[in-house]
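**Q** give me the fold of what follows.
(one chain, ligands or ions: 1)
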Amino acid sequence: MNAPPPAPPPAGPILEFSDVGLSFAGVAAIDGVSFGVEPSELFAVIGPNGAGKTSIFNVISGVYRPQRGRVTFDGQDLIGRRPHEIAGLGIARTFQNVELFAGLTVLDNLMLGRHQQLRYGALSAMAWLGRARRAELAARAAVEDIIDFLELEQWRRHTVGLLPYGIQKRVELGRALAMEPRLLLLDEPVAGMNLEETEDTARYILDIREEIGIPMILVEHDMGLVMDLADRVLVVDFGVAIALGSPTEIRNDPEVIRAYLGKAS
Ligand SMILES: Nc1ncnc2c1ncn2[C@@H]1O[C@H](COP(=O)(O)OP(=O)(O)OP(=O)(O)O)[C@@H](O)[C@H]1O
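**A** Numbering: from 1, shown residues only. Predicted structure coming up:
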């Protein structure tokens, strides 16, 4: 009898954040936080205001350089790299406040996102016009797919700054997707949205996971959204990781309840 084929080795985390410490003027924003994000996992980071969530994103994306610890993406060290290099490795992010070119159209904003991903520079573009032109056509087709995917068709020629806030946030998500990321960081994707916009965004996040299958890290205050969407949740408070587990484990964790009730009183 033939033995069954050996199971493939379990894939390790694509992002490893190990014992990171970051302080500003001696005050710790992140104090020894460690976690790993599995390929295609939807990982959430929650915590009260000022807990260190955005600082974690800023460390991953190269905006802040921590004094301690190690961060790797797909085995490559991230600390010490500049934000554009990290974007070039395939880590895209959206921001708490929309950061788009407000005077440009939806289409142009997405094309700019895509150009960060194109593999030719200005000189090679001149030398290899044919190749550059083909890349440009492919870029345009990829952007049109994103417009379809996020149902932005009716706004594609509109100036971004004049669009409703919920649509601007969706364009920002599209801009990040246009980079063809291998990891997506979503900083408060539903902040300031009404219920309908929030539900739409939840659906797009699930669609990204289903159809594109990339891992995502979500920082969000909307607890309902986090508990509905996330595979695992990391809770930070005063820069320290106080819990890590499934939404159900987190909901029932006495330390988490204490941190939140403490802030509410
Ligand atoms: N550039 C900076 N200079 C000085 N202190 C900073 C800086 N960035 C963050 N901090 C401090 O680090 C701590 C964590 O801030 P951070 O913005 O990461 O928290 P947060 O959990 O994202 O908060 P919020 O939910 O309000 O967005 C805070 O005390 C904040 O004041």
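**Q** what about Pro189, which helix or strand?
**A** Assigned by DSSP states H and E, Pro189 belongs to neither a helix nor a strand.
**Q** and it, how far from Ala142?
**A** Look at Pro189 and Ala142: by Cβ to Cβ, to the nearest Å, they are 21 Å apart. For the C-beta atoms, the positions are set from N, CA and C on the backbone; glycine is no exception.
**Q** okay, which residue is most central for the protein?
**A** Leu185 (1.0 Å; Cα atoms, centre = their mean).
**Q** looking at the chain, which helix or strand is least sure?
**A** Within the chain, no helix or strand scores below helix 122-127, which has a mean of 55 by mean pLDDT, DSSP states H and E.
**Q** buried ones in whatever helix or strand comes next after that helix?
**A** Of the helices and strands lying after helix 122-127 in sequence (DSSP H and E), the nearest is helix 129-149. For helix 129-149, a neighbour-count test (16 or more other Cβ atoms under 10 Å) marks 132, 135-136, 139, 142-143, 146-147, 149 as buried.
**Q** pull helix 129-149 out as PDB, backbone CA atoms only.
**A** Extracted as PDB, the C-alpha positions of helix 129-149 are listed here (Å, rounded to 0.1, in the frame of the first residue of the first chain):
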ATOM      1  CA  LEU A 129       9.600  52.300 -25.700                       C
ATOM      2  CA  GLY A 130       7.800  49.200 -26.900                       C
ATOM      3  CA  ARG A 131       8.100  47.500 -23.600                       C
ATOM      4  CA  ALA A 132       7.100  50.600 -21.700                       C
ATOM      5  CA  ARG A 133       4.000  51.000 -24.000                       C
ATOM      6  CA  ARG A 134       3.000  47.400 -23.300                       C
ATOM      7  CA  ALA A 135       3.500  47.900 -19.600                       C
ATOM      8  CA  GLU A 136       1.300  51.100 -19.800                       C
ATOM      9  CA  LEU A 137      -1.500  49.200 -21.600                       C
ATOM     10  CA  ALA A 138      -1.300  46.400 -19.000                       C
ATOM     11  CA  ALA A 139      -1.400  49.000 -16.300                       C
ATOM     12  CA  ARG A 140      -4.500  50.600 -17.800                       C
ATOM     13  CA  ALA A 141      -6.200  47.200 -18.000                       C
ATOM     14  CA  ALA A 142      -5.300  46.400 -14.400                       C
ATOM     15  CA  VAL A 143      -6.700  49.700 -13.200                       C
ATOM     16  CA  GLU A 144      -9.900  49.200 -15.200                       C
ATOM     17  CA  ASP A 145     -10.300  45.800 -13.400                       C
ATOM     18  CA  ILE A 146     -10.000  47.600 -10.000                       C
ATOM     19  CA  ILE A 147     -12.600  50.200 -11.100                       C
ATOM     20  CA  ASP A 148     -14.900  47.300 -11.800                       C
ATOM     21  CA  PHE A 149     -14.100  45.400  -8.700                       C
END
